[in-house]
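>>> predicted coordinates and the sequence they were generated for:
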Amino acid sequence: MNIIRRLNVVLVLVAITGGAATAQTVRLNQVMRAKLQHSQRILEAVVTSNWPLLDSESKALAQVTRDPAWSVLQFPEYVRQSGAFLRATDDLIEAARLRDLEGASLGFVALSTSCVSCHRYMARSRIVTARP
């Protein structure tokens, strides 16, 4: 249970720090909040081996990327990070279909890593563009 709390804290911190992006709109902030909620439910599904929940939340998370607000940032690195994120959601959907706990846990790690990596990139790019 302790690992769940730690991962939730990480996900919340990522969402909060991402909310400060200069190019982030109110709608994109809402999309990122939805992403966080789906990610938390995916973690719940993985640790409880709830395959229907993992499937539905992974698909819902992939659907979030179809929101026009998701595409507001068109930096090449953001597009690359989005691709990694979508690959991770695809891996989670496949793990749910196969009822593969190891694949699901690795998919969740890949998903979390893609989120943190993208938010770290965006934070660094804000720092660079903020300098005179």
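On my side now, so go ahead.

>>> next secondary structure after the one helix or strand Val79 maps to?
Taking DSSP states H and E as the criterion, Val79 maps to helix 76-98. Tracing the chain past helix 76-98, the next element assigned as helix or strand by DSSP H and E is helix 101-130.

>>> what helices and strands are in contact with that next one?
helix 2-18, helix 26-48, helix 51-64, helix 76-98 (3 or more C-beta pairs under 8 Å, 6 or more residues apart in numbering; DSSP states H and E). Every C-beta, even on glycine, is put in place using the N, C-alpha and C of the backbone.

>>> which other residues reach the helix holding Val79?
The contact list for helix 76-98, computed with C-beta atoms under 8 Å, 6 or more residues apart in numbering, reads 42, 45, 51-52, 54-55, 58-59, 61-62, 65, 70, 100-101, 103-104, 106-108, 110-111, 113-115, 117-118, 121-122, 125.

>>> do that again at 7 Å, thanks
Identification of contacts with helix 76-98 by C-beta atoms under 7 Å, 6 or more residues apart in numbering yields 42, 51, 54-55, 58-59, 61-62, 65, 103-104, 107-108, 110-111, 114-115, 117-118, 121.

>>> and if you look at stretch 100-110?
In contact with stretch 100-110 (C-beta under 7 Å, 6+ apart) are residues 42-43, 46, 49, 54, 88, 91-92, 94-96.

>>> need the max-distance pair from those.
Ser49 and Ala88 (18.6 Å; C-beta to C-beta).

>>> which of these two has more neighbours?
Using other C-beta atoms under 10 Å as the criterion, Ser49 and Ala88 rank with Ala88 on top: 24 against 12.

>>> how close does the more buried one get to Cys115?
Distance, Ala88 to Cys115, using C-beta to C-beta, to the nearest Å: 9 Å.

>>> didn't Glu57 look like it was pressed against Leu43?
No - if you go by C-beta atoms under 7 Å, Glu57 and Leu43 don't touch, sitting 9.4 Å apart.

>>> so for the two, which sits in the more crowded spot?
Legend: neighbour count by other C-beta under 10 Å for Glu57 and Leu43, higher for Glu57 (25 against 21).

>>> number of nearby residues for Arg99?
11.

>>> no more questions from me, cheers.
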